[in-house]
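Q: Okay, sequence plus prediction incoming.
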Amino acid sequence: MQTIIQILSGNSLYTPALTMTILVIWVYVLYIATRGWLVGKSYYQIATVAQYEPPTNISPILAHYLLSFGSESKVASNLNNTNEQLLVLIYLYEHGLLSSLNISETDLVRVEYQISDNYISIPIAEEGKLFINYLVKQAGLNGILTEVRRGRDRRSSGVPNGFDVINKFWPVYWYKDLKTIANTQNIVNTKSKHYRFLQVFSPTLIFGSFFAVFAFMFSTIFTPLLFIGLLLIFPQVILFSLIFFLLKILISLGFDTTVLQAINLSGILSITFVSWFVWAFLLVISTKKLYFQFTTTGKTILQQLAGYKDYLKTVDLNRVDIESKTAGSKINSTTFPWLLALDIANYKHWQQWRGVMDQSTQSNSNLLS
Amino acid sequence: MITIIVSIALAVIIVAIIIIYNRVVTLVNRTKEAWADIDVQLKRRYDLIPNLVSTVQGYASHEKNVFEDVTNARAVAMGAGSLAEKGHAENTLAGALKSVFAVAEAYPELKANQNFLALQNELTDTEDKIQSARRFYNGNVRDLNTAIQVFPGNIIAGTFHFYKMEFFQLDESEISAGQPVEVKF
């Protein structure tokens, strides 16, 4: 017993223990980065089989949400996105839930909308129903939506910020409700063990490792500063302690201490310190991808979406006809919401869609008169 | 110094050759894959035609010429070699199919026949897919031909024997199994 206490009370193994801790952390970061890289490979780049039609079982809204999945850890000022909100509004209009939709853009985007009287009875995907219920609750059956800018001019910053009324419920709708729908439809599994682990470990990993390295730079040996730093980073403390005790046990079993103590900590630290931001970036990117673990169904949908996008882009986007509720289905046509959902709508498509809408408004006026 | 510059220039040229070569190979493979998809749809259509003919024959057995035309057109299309021949044969076949559907218009009982309706839907679906597959194929051919015609892709294509591919041309107005057919008596 006395021997064990003597072994544990010695501090000669702090340096190799800390070295090992940092090494293990980097191995873990590398593992996560590799997993994240493989996620990208398996979901998007292999899916090159062209699809001539979009997946039938999901809406453009959900499709866009899934495609932007993993890129959603936006800063607070950028939670709302005008383009995504327009996609939802146009989708509702195309399905007849909005009887009119007038979008004009000068320095701000302005939308006039009118919800159809019978919108409740029109069959539509759950995400559409949820949105329109929010909209009715917030603003009634008709109104004007104006885009809200924050900070710099939107054009110079290139950051759209969404519409005033929609912004009130948008974060809940886009970041919570759609996730629930994706989960319910068995497209994603947000209860991934990777995510749970990362949720606890990543923030402290990023902050804690940096702090530990920083603290060590100002201390030649184990000091209270480093100890406080380690206290702040609980998972690393556990890891450090485990390695520390493991080394103690190894030494008590007769392993050569000189090998362990010969580890050049300063060399490792200088390399890791320089490459820190690169590693942190890799980890953040990978964490995003691992955050949503797509199920088999989800992977199939992503492959279909990638195939459909591939098809649309290959056949020459400028020759794709915009199919609308006012026009019949044609070969080589798609609906405007799908172009928006796949982020491939260009100025010409907007013009074409506006043209279809103008015709629709004109024909409705003629019918009324 | 000159050695270093020459080495860097050579390295850049080699990397450029590798990139262009890989891009052309990728495009060739994509084009072949796109053609395979057209082929699958065309075969599906060839398989549906005998069923359609026998169904319509049950109601309009005296329209012998129409059925012979379709059968011959199908045989020619199946045996066509080049893309140009294939395109021409497919247009002829589409025209012959149109005649079969025109015949069906004159027989209300046939038009109500579930088997006939199912075949008509199948053919319409197949023809839509052929059109989509053809557009995708032609899009890939366009990209491939552009890649091997522009400089310096043309040099690499000439060196490694990559050739332009043919577009697959079909007359879209002839492809209309699901559309109403004008019948004159």
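A: All right, it came through fine. Residues are numbered from 1 along each chain as shown, chains lettered A, B, ... in the order given.
Q: Provide a list of residues in contact with the nearest residue in space to B:T31 that is not next to it in sequence.
A: Spatial nearest neighbour of B:T31, excluding adjacent residues (CB to CB, 6 or more residues apart in numbering or on different chains): B:N140 at 4.3 Å. C-beta: built from backbone N, CA, C; applies to glycine. Counting by CB atoms under 8 Å, 6 or more residues apart in numbering or on different chains, B:N140 makes contact with A:T314, B:L27, B:R30, B:T31, B:A34.
Q: out of those residues, which are inside strands?
A: Among those, no member is found in strands (DSSP state E).
Q: Between those, which sits nearest A:T21?
A: B:R30 (48.4 Å; CB to CB).
Q: Spell out which helix or strand contains the nearest residue to that closest one once chain neighbours are set aside, please.
A: With CB to CB, 6+ apart as the criterion, B:R30 has its nearest non-adjacent residue at 4.9 Å, and that residue is B:N140. Assigned by DSSP states H and E, B:N140 falls within helix B:114-149.
Q: Could you look up the next helix or strand downstream of that helix?
A: Helices and strands here follow DSSP H and E; after helix B:114-149, the next one along the chain is helix B:153-159.
Q: Check which helices and strands that following helix sits against.
A: helix B:2-57, helix B:114-149 (3 or more CB pairs under 8 Å, 6 or more residues apart in numbering or on different chains; DSSP states H and E).
Q: got the CA positions of the worst-scoring helix or strand of chain B on mean pLDDT in PDB?
A: Here the helix or strand of chain B ranked lowest by mean pLDDT, DSSP states H and E is helix B:108-112, holding a mean of 81. The C-alpha atoms that make up helix B:108-112 are tabulated as PDB, following Å, rounded to 0.1, in the frame of the first residue of the first chain:
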ATOM      1  CA  PRO B 108     -64.200   1.700 -77.500                       C
ATOM      2  CA  GLU B 109     -64.100  -1.800 -76.000                       C
ATOM      3  CA  LEU B 110     -60.400  -2.000 -76.600                       C
ATOM      4  CA  LYS B 111     -59.900   1.400 -75.100                       C
ATOM      5  CA  ALA B 112     -61.700   0.300 -72.000                       C
END
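Q: Can you give me the buried ones in it?
A: Buried residues in helix B:108-112, counted by 16 or more other CB atoms under 10 Å in any protein chain shown: B:L110.
Q: Other residues contacting it?
A: Here helix B:108-112 has contacts from B:T55, B:V56, B:G58, B:Y59, B:A60, B:A104, B:E105, B:F116, B:L117, using CB under 8 Å, 6+ apart.
Q: can you give me how far it is from the chain middle?
A: 31 Å (CA atoms, centre = their mean, to the nearest Å).
Q: Can you say which of the contacts of B:N140 are buried?
A: A:T314, B:L27, B:R30, B:T31, B:A34.
Q: ok, now which ones touch the second one?
A: Counting by CB under 8 Å, 6+ apart, B:L27 makes contact with B:N140, B:D143, B:L144, B:A147.
Q: Just give me the neighbour total for A:S116.
A: 18 (other CB atoms under 10 Å in any protein chain shown).
Q: quick one: it from B:Q114, how far?
A: Look at A:S116 and B:Q114: by CB to CB, to the nearest Å, they are 37 Å apart.
Q: ok, now B:Y21?
A: 54 Å.
Q: Sketch out the low-pLDDT regions of chain B for me.
A: B:171-185 (pLDDT under 70).
Q: near chain A, which residues of it?
A: B:30, B:33-34, B:37, B:128-129, B:131-133, B:135-136, B:138-140, B:142-143, B:172 (CB under 8 Å from any CB of the partner chain).
Q: repeat that with 7 Å
A: B:A34, B:D128, B:K129, B:Q131, B:S132, B:R135, B:F136, B:G139, B:N140 (CB under 7 Å from any CB of the partner chain).
Q: Which two of these have the greatest separation?
A: The most distant members of the residues of chain B next to chain A, if one measures by CB to CB, are B:D128 and B:N140, lying 19.0 Å apart.
Q: circling back to that earlier point, between the contacts of helix B:108-112, which is nearest A:P171?
A: The closest of the contacts of helix B:108-112 to A:P171 turns out to be B:L117 (CB to CB; 49.6 Å).
Q: how near is A:L242 to B:Q114?
A: A:L242 is 71 Å from B:Q114, by CB to CB.
Q: Look at these two and report which has more neighbours.
A: A direct count of neighbours by other CB under 10 Å for A:L242 and B:Q114 places A:L242 higher, at 14 against 7.
Q: I'd like to know how far the more buried one sits from chain B.
A: Going from A:L242 to chain B by CB to the nearest CB, to the nearest Å gives 46 Å.
Q: ranges for the strands of the stretch 101-250 of chain A?
A: Using DSSP state E, counting those that start in this stretch, the strands of the stretch 101-250 of chain A run over A:109-115, A:142-146, A:188-189.
Q: can you redo those as a markdown table with distance to chain B and mean pLDDT?
A: Below are the strands of the stretch 101-250 of chain A laid out as a markdown table (distance: least, CB to the nearest CB, whole Å; pLDDT from 0 to 100):
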| stretch | distance to chain B | mean pLDDT |
| --- | --- | --- |
| strand A:109-115 | 33 | 88 |
| strand A:142-146 | 36 | 84 |
| strand A:188-189 | 29 | 80 |
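Q: now these in a markdown table, with mean neighbour count?
A: Shown next, in a markdown table, are the strands of the stretch 101-250 of chain A (neighbours: other CB atoms under 10 Å in any protein chain shown):
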| stretch | mean neighbour count |
| --- | --- |
| strand A:109-115 | 18 |
| strand A:142-146 | 15 |
| strand A:188-189 | 20 |
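Q: So which of those is nearest B:Q41?
A: strand A:188-189 (33.0 Å).
Q: Packing partners of that closest one?
A: Under the contact criterion of 3 or more CB pairs under 7 Å, 6 or more residues apart in numbering or on different chains; DSSP states H and E, strand A:188-189 touches strand A:293-294.
Q: what lines up beside the strand it packs on in the sheet?
A: Strand A:293-294 has the following sheet partners, assigned by DSSP bridges: strand A:188-189 (antiparallel).
Q: got the contact list for the partner strand?
A: With contact meaning CB atoms under 7 Å, 6 or more residues apart in numbering or on different chains, strand A:188-189 is reached by A:A182, A:F292, A:Q293, A:F294, A:T295, A:G298.
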